[in-house]
Structure formats: structure tokens, C-alpha cells
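Enquirer: Sequence plus the predicted model coming up.
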Amino acid sequence: MASADRPAGRGTGVFGDVSGIGSSSALAAALLLLGLAILLAYLPAVLAGFGFVSDDFMILQRVRAAGGLRGAAEFFGQPFYDYYRPAGFVSFAMDWTLWGMRPAGYHGTSVLLHLLNTWLVFVLARRLLSVEMAVLAAALFGLHVVNHEAVYWAAARFDLLATAGGLALLVLTSSDWRWRHPAAAVVFLAALLSKESVAALPAAAGAYVWIVRRERASEVVRLFAWLGAAGVVYAVLRQASGLAGAGGTGKLPKLAVLAVLLAWQLMATHKTGEALRNRFRGLRGAICAGAILALAAGGVFAWSSSHGTGVAAALRAFGFDALHLLSPVSPEPWLNPLPAWLGPVGLAAAAALVAGAWLFGTRQVPAFLGYFLVAALLPVSSMTEGSRYLYLASVPVSILVAWAASSVRPRAAAPAFTLAALALVVFSWQVRVKGRDWLWASEMTARAAATIVESAGPGCRDAHVAFATAPVRTRGVYANINHEALAAIADCRPASVRTIIRTGYDDPALDASFDGDRLVMRAASYRGGFVTTPDFQRYATRIVPGIALRIANPLGWLEAAPEGEGLVIRQELPPGASSSLHWFVFSRGSVRPLRR
């Protein structure tokens, strides 16, 4: 059985020692088989004609307006809504130059980036584990179903690129290359310019230098100085684009946590901090017990006080993360809308993390991976919109599982590796299943655009389109139909597009009809997932099963009421609105016209 702790320490080049599995040819064969397994999981949907969906069209519109690579400088000077991700847009511009509007090329690039990240996971894991366990870690990451959204959805390219830069940062940090610090700063800057979700990775890099390499404080200071310089360059560029350099006041609590982590690492590596470190080790059990009690108190506060909504939201978010990262099957059918039991799951997961820190906090590999996980989750700790936010966090989880597998006793090795093999098979099957959902979303979007053109006429000139219901996260994939999608697919440019109800994961059979100047919608069975809006801009008002709702919007009053196990929705309309607007309803997986 491989050693549980195999820190690389010193003597490694940029890509480290990759010997093992009998011979270099056996290793190459293992990695080749893994690459083929990933391709077999992801490519069928691409080859079947998987097109663009949702935000893809918004990105393509910007790239097209800039003229592809000829306008690359524009991406660095202007934000995209509230985001600053110029490196990601340069990547899309390269694809635009090569493929135009042919989606297979874009999806092929995403799959190749995922293969690159899988190889980088192997290289990083090899610094910590035996080569066999490093291959297992790479396989768990490469086939984990949590990553389907980042790979399948072209618009999630930002996560793939940022993770590639973040992993390159850690690989360089773990090497003995002379220029590792400036090179790490360059790839960190590239990662930040792809997506801001890697902003806390200096804490993971510092943890490697401190815990695994056991370097002195001067090495940590040099690393932080270079990475800090990259962060300053990013903030200046972001500020110049018109956005707040540090992301605004809402990011201050997360920045404060990051500052505490970095300060702790500097103190821990300095010789004057030895007494404090020793005292901390002696009190580790008491500190962990106190943390668990604090979590329990936070849970009681969250569910018993009207002022505990922030704590409750944080616990739900952590439960969302834990289920996605640890479940062998996609948990999305259970989580839309977010159920009440997700908070207790998050509380239990947080308590388990604290218990793991107590049990394994003195072991090099799990201690480093703990910091890595915190650094990956901190910037996205409030995100529950999709699994792409967990793409980076799946790296430390995959390596940690491989480390745990390497730590089992010989008599338990066979069951452990059988379980790991079964998990990989289930992952692959689930990725294929989600691929069919993404394929459905792109085909549904194309059919919907054709249906709208058929009703509104060629070009949809001066047409006002109204959706009684429209998809957003149906089947757990992004499928919303926006202006940019209609223009790109069908050259349809209506004067306006309005949606009354957005649907979630479920797609209940919905009967819709006009009753005078009212629109009436009925679902015989309703489990939740519908959201509506007071202004046709912010869709945050949930229609909760079993609870009546009355809300005003620009069309008039909307009333939703339970009807047995189902739901009835009545929308008041201005005089003539039922005939002057082009109405559509999404039901049973497709968009159809709604006529009087």
C-alpha cells in the first residue's frame, strides 16, 4: 500500500517525479486511458450536435462586436456587466476566429482545457502521493459529475481557465525551479484575469510552502510578495475598467478572512511564532470543540431568530457545496428550489470539517488540502446557482479522497478501491446523463427561436414577445431564452421580451389559456421552483407550494394559489394585451405559442 503522506519537499522540477506503476510506459498508458474515459464521457453530447445555450449567446455577441482577436484590447478596457474577465474573452475570441458560430469547436476547447486541468491535478497530487494515488486523484477530478456544468457549458470557460492558472500556480510553488516565484505571479495574474474565483489561492500556495515544504518565513514572504504584486496589477486593471478594484464593500468580509489566513501562515513560519504554534497544537482539541459548539449555537440562532437569515444562508450554501462535492450522483433534482434540510446538512458538513482538522491537522497532506479547500470555497461561499462554482474545490476533495484510499489498512484495500472504481463508473454515467440534458437545452432553444419567428414574422421586427413561463434551470442546466439567443439563432430581434414566471428544475405539465383580460395557468402537480418578479428584471419572488401569493408587476396583479397538489396562477392583463403581444408558454420540455 502506498504511503499516506508523500510530500515532495525538495528536488522536484516544475512537473516533478512521475515514476511509478511499474514503468513510464505503464504510467503513460494509465493517463491515456483516463484521457479516453473523459473523452468518452463528454464527447457524445458534443458530437450529437450540442449547441449554445443561455449566456453563451451574450458572450458571442460581445466577441463578434469586437471583431474577434482584432478587438482583444477592448476586453481589457471594459467590464462585462459586473465582471472583469478579459483573458476568458480572449480565449473566446480565439475560438471565434477559428470556428465562427460553430459550437463544436468551442465545446472541444472546453474539453481540452478540462483534460489539461486533469493532468495538472495529477502533477500536483504526485507531489503529495504515490503515482498510483495521483492517477486516482486525477481520475476522480476528471470524471466527477460536479464538473459537468464547467465543461459542458461554453460560458463556464472562465472557470476552466482560472483553475488551469490556479493549478499551475500550485505546481510552480511546489517546484524547485529558480524562477518559480515570478512564474507563479504570472500564472496567478492570468487566472485572476480569467475569473476572480481564484483570489484566495495565495493561502493554498502559502500552506504548501509552510506545511509540505517546511520552508522558513522568508520563502513565504517572497511568495506572497510576488503574488501580491500580481493582485495589485489585477486590481489596477479592474479599477481602470470602471469596476471597484477589490470588488466593492461586499467583498470585505471575505478579504478579511483571506488576510487572517495569510497572516497566520507568516506567523507560523517565523521562528518567533514557535511558542504560539506549540500552544495551539496543545489546545487543538479544545479549539475544535469550541468551534463545534459555536456551529451548534449558530444553527440554533439561524433557525430560531428572524435575524439569523445570513447564518442560515451560509449553512445552506455549505450544504449545497458538500452534497455536490461528495455525492456520486448529481444532487440537482433535490436542490431546486433549495430545501429546508440543506441547512442542517451544511451544519453537519462544517462540523465534520472541524472534526477532520482535529484528527488530521498535524498530517501534512490533509492539512495542506484543508487550506486548499478553504481557499477554493471562500470566494464562492455564497453561490448556490450552479455546480461550476465548485470546479476548483473539487481538486482538493479528489486528492483528499485519494490520500484516504492510500491510508487504509491492507485488509480494507480491496473494498476501498472497489468502491473508488464504482464511483468512477457512476460519475461517468452521470456525466453522460447530464450531457443529454445539455443537448436537450440547446435543441429546445433552437426550436423555441423558430417557433417565435413563425409567430412574430421574419426578423421579429417591432414584435413584443411575452412568455407566460420560460425555462431557466430546467433539468439542472441553463436554458433561458434571451434577446441574444433569438438574434444569433434566428435573426429575431423583437422590440421587447418579457417573462412572467421562470421555471426551475422541474417542468410540470402546465395548461395556460386566456380568460377575458386574464391569463390563467394551471399545474396539476407543483413541487416548487417557479419564481416571478415585480419589474420583469429581478426574478427573486418564489412561488412556494401550498402558500398563496399576490404581487403586482407592470402588467397588473399576479395571484398564485394552491389547488390540491397543484397550482393555479392568474395574471391580470391590460386591455388588448392578450392580442397585441406574441404569447408563449414553456411546458413539457418545449415552447409553444399561446393564442386566444
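Expert: Looks like it came in fine.
Enquirer: Look up the closest residue to P328, ignoring the ones flanking it.
Expert: V426 (4.5 Å; CB to CB, 6 or more residues apart in numbering). C-beta: built from backbone N, CA, C; applies to glycine.
Enquirer: Quick check: which helices or strands does the helix or strand where that neighbour lies pack against?
Expert: In this assignment (DSSP states H and E), V426 forms part of helix 410-456. With contacts defined as 3 or more CB pairs under 8 Å, 6 or more residues apart in numbering; DSSP states H and E, the packing partners of helix 410-456 are helix 24-47, helix 131-143, helix 148-152, helix 394-406, strand 464-471, helix 483-490, strand 582-587, strand 590-593.
Enquirer: Out of the ones you listed, the one nearest G71 is which?
Expert: Taking CB to CB, helix 483-490 is the member of the helices and strands packed on helix 410-456 nearest to G71, at 17.5 Å.
Enquirer: from the helices and strands packed on helix 410-456, which stretch is densest packed?
Expert: helix 148-152 (a mean of 28; mean count of other CB atoms under 10 Å).
Enquirer: Okay, angle between the helix or strand immediately after it in the chain and helix 131-143 too, please.
Expert: Scanning forward in sequence from helix 148-152 by DSSP H and E, the next helix or strand is helix 157-173. Helix 157-173 and helix 131-143 meet at an angle of 160 degrees, taking axes from the mean of the first three to the mean of the last three CA atoms, to 10 degrees as the criterion.
Enquirer: For the residue lying closest to R461 once chain neighbours are set aside, list the residues it contacts.
Expert: Distance criterion CB to CB, 6+ apart; nearest residue to R461, sequence neighbours excluded, is R493 at 7.2 Å. Contacts for R493 were tallied using CB atoms under 8 Å, 6 or more residues apart in numbering; they are 459-461, 483, 486-487.
Enquirer: Tell me if R493 really is in a strand.
Expert: No: read with DSSP: H, G, I helix; E, B strand; the rest coil, R493 is coil and lies in no strand.
Enquirer: Quick check: pLDDT value at it.
Expert: You'll see R493 listed with a pLDDT of 94.
Enquirer: what's the spacing between it and F57?
Expert: 13 Å (CB to CB, to the nearest Å).
Enquirer: shared neighbours of these two, which are they?
Expert: Listed as contacting both R493 and F57 by CB under 8 Å, 6+ apart are A487.
Enquirer: Distance check, A199 against D321.
Expert: Taking CB to CB, one finds A199 at 17 Å from D321.
Enquirer: got it, and V198?
Expert: Taking CB to CB, one finds V198 at 17 Å from D321.
Enquirer: and S525, that's in a strand?
Expert: No: read with three-state DSSP, S525 is coil and lies in no strand.
Enquirer: Which phi and psi values does it adopt?
Expert: phi -140, psi 130 (degrees, to the nearest 10).
Enquirer: just checking, it touches G566?
Expert: Yes: taking contacts as CB atoms under 8 Å, S525 lies within contact range of G566: 5.5 Å.
Enquirer: so what sits against both of the two?
Expert: By CB under 8 Å, 6+ apart, S525 and G566 have these common neighbours: P508.
Enquirer: Show me which of the two is the more surrounded one.
Expert: G566 (15 against 12; other CB atoms under 10 Å).
Enquirer: The more buried one pairs with what?
Expert: With DSSP bridges applied, the residues forming beta bridges to G566 are E563.
Enquirer: so who does it touch?
Expert: Going by CB under 8 Å, 6+ apart, the list of residues near G566 reads 508, 522-526.
Enquirer: can you list the weak-confidence ranges in the chain?
Expert: The model of the chain has pLDDT under 70 over residues 1-23, 273-278, 281.
Enquirer: one more time with 80
Expert: Flagging of the chain using pLDDT under 80 yields the residue ranges 1-23, 247-250, 271-285, 305-308, 336-337, 505-507, 596.
Enquirer: mind checking the end-to-end distance for stretch 247-255?
Expert: 10 Å (CA to CA, to the nearest Å).
Enquirer: now G356: how far from H107?
Expert: Counting by CB to CB - G356 and H107 are separated by 37 Å.
Enquirer: Looking at these two, which one has more neighbours?
Expert: Per other CB under 10 Å, whichever of G356 and H107 has more neighbours is H107, with 26 against 16.
Enquirer: Relative to I287, how far out is that one?
Expert: In terms of CB to CB, H107 sits 47 Å off from I287.
Enquirer: So what's the residue count around the closest residue in space to L201 that isn't next to it in sequence?
Expert: Nearest-residue entry for L201: G166, 4.9 Å, with adjacent residues in sequence omitted and distances by CB to CB, 6+ apart. Close neighbours of G166, defined as other CB under 10 Å, add up to 31.
Enquirer: so who does G166 touch?
Expert: Neighbours of G166 in contact, by CB under 8 Å, 6+ apart: 188, 191, 198, 201, 392.
Enquirer: what about the spatially closest residue to F320 that is not a sequence neighbour, how many neighbours?
Expert: Spatial nearest neighbour of F320, excluding adjacent residues (CB to CB, 6+ apart): T384 at 4.5 Å. Around T384 there are 19 other residues, counting by other CB under 10 Å.
Enquirer: which residues does T384 contact?
Expert: Counting by CB under 8 Å, 6+ apart, T384 has contacts 316-317, 320, 335, 338.
Enquirer: For those residues, work out which two are farthest apart.
Expert: A317 and L335 (11.3 Å).
Enquirer: all strands in the stretch 151-300 of the chain, in order from the N-terminus.
Expert: Counting by DSSP state E, counting those that start in this stretch, the stretch 151-300 of the chain has no strands to list.
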